[in-house]
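> this one's structure only:
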């Protein structure tokens, strides 16, 4: 095998490894964390949606979440993937109430 060919192959492998560790692996970790967060949602959790709405989960059915929002207690149905994060979970509240 030509030494230049070997050099090019090694260089490409190094580039692929750098690409994997800097881009693909962190993205997979973020997706896994988001999947775990969505799977752990339960009624009573206070959440923020990806569009910036705050609300309390009333019901979860398959991939649809019913939220209660604002002082008027408006109810909205949103897709489960639209949840951006959990502000406080229902289990945290019950733990605080018991103390």
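Ah, there it is. As the structure is a computational prediction, the values presented were derived from the model and not from experiment. Numbers count the residues shown, from 1 in each chain.
> show me where pLDDT drops low in the protein?
Residue ranges of the chain with pLDDT under 70: 93-99.
> Which residue ranges make up each domain of it?
Structural domains assigned to the chain are 1-40, 41-98, following the TED database.
> What ranges does the chain have for its helices?
Along the chain, counting by DSSP state H, helices occupy 3-19, 25-39, 90-98.
> out of all of them, which strand in the chain is the longest?
strand 54-61 (DSSP state E).
> mind listing what's buried in that one?
Buried residues in strand 54-61, defined by neighbour count with 16 or more other CB atoms under 10 Å: 55-57. Where you see a C-beta, it was placed from the backbone N, CA and C, and this is true even at glycine.
> ok, the residue nearest to the spatial centre of the chain to residue 80 distance?
Among the residues of the chain, the one closest to the centroid is residue 34, at 2.0 Å (CA atoms, centre = their mean). As defined by CB to CB, to the nearest Å, residue 34 lies at a distance of 11 Å from residue 80.
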